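*Asks:* what's the 3D shape of this:
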Amino acid sequence: MKRRSFVRALALAASIAAIGTSSTSFAQQKTVKVGILHSLSGTMAISETVLKDTVLMAIDEINAKGGVMGAKIEPVVVDPASNWPLFAEKARQLI
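*Replies:* Just a heads-up that it's a prediction; the model follows:
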C-alpha cells in the first residue's frame, strides 16, 4: 500500500469515527483518538515498530494540515507485547 493511500485510509477512518460522535461533544473535544495496536516488545516488535512509526508519521502529517474536519488526531499507542491474548484485551480497552 502506498503512503498516500495509507494516509487517505487513516483520514477516512478518523472521519468515520468523528461522525459517530455527537456534534456538541465533538465541538468541545476537537480531538479524535486513534488506537495504535502494534507490538513494541516481544518477537513481533522487529516488524511492528516500523508500522507504529508510520502511523504516527501519518497522524503528524494530517494534524499539520489542519486535522480531520477541524479536529486533531490524538494517537493512543498500546503495546500488546507479541502476546495474542493480550492483543485481544488491549483491543477491547481501545474500543
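
*Asks:* what packs against the helix ranked longest in the chain?
*Replies:* Secondary structure assigned by DSSP state H gives helix 45-64 as the longest helix of the chain. Packing partners of helix 45-64 (3 or more C-beta pairs under 8 Å, 6 or more residues apart in numbering; DSSP states H and E): helix 3-19, strand 31-37, strand 72-78. The way it works is simple: take the backbone N, C-alpha and C, and place the C-beta from them, glycine included.

*Asks:* same question for that helix, mean pLDDT?
*Replies:* Per-residue pLDDT over helix 45-64 has a mean of 96.

*Asks:* one more: stretch 73-84?
*Replies:* For stretch 73-84, mean pLDDT rounds to 95.

*Asks:* list of residues touching that stretch?
*Replies:* Outside stretch 73-84, the residues that touch it by C-beta atoms under 8 Å, 6 or more residues apart in numbering are 14, 31-45, 52, 55-56, 59, 62-63, 67, 86-87, 89-90, 93-94.

*Asks:* report the buried members of those residues.
*Replies:* 14, 32, 34, 36-40, 44-45, 52, 55, 59, 62-63, 67, 87, 90 (16 or more other C-beta atoms under 10 Å).

*Asks:* how about A45: what's its closest non-neighbour residue?
*Replies:* S39 (5.1 Å; C-beta to C-beta, 6 or more residues apart in numbering).

*Asks:* residues contacting the one you found?
*Replies:* So S39 contacts 45, 48-49, 79-82 (C-beta under 8 Å, 6+ apart).

*Asks:* redo those as TSV? Include distance to K72.
*Replies:* Converted to TSV, these look like this (distance: C-beta to C-beta, whole Å):
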residue	distance to K72
A45	28
E48	25
T49	24
D79	23
P80	25
A81	28
S82	30
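
*Asks:* please consider this matter closed, and thank you.
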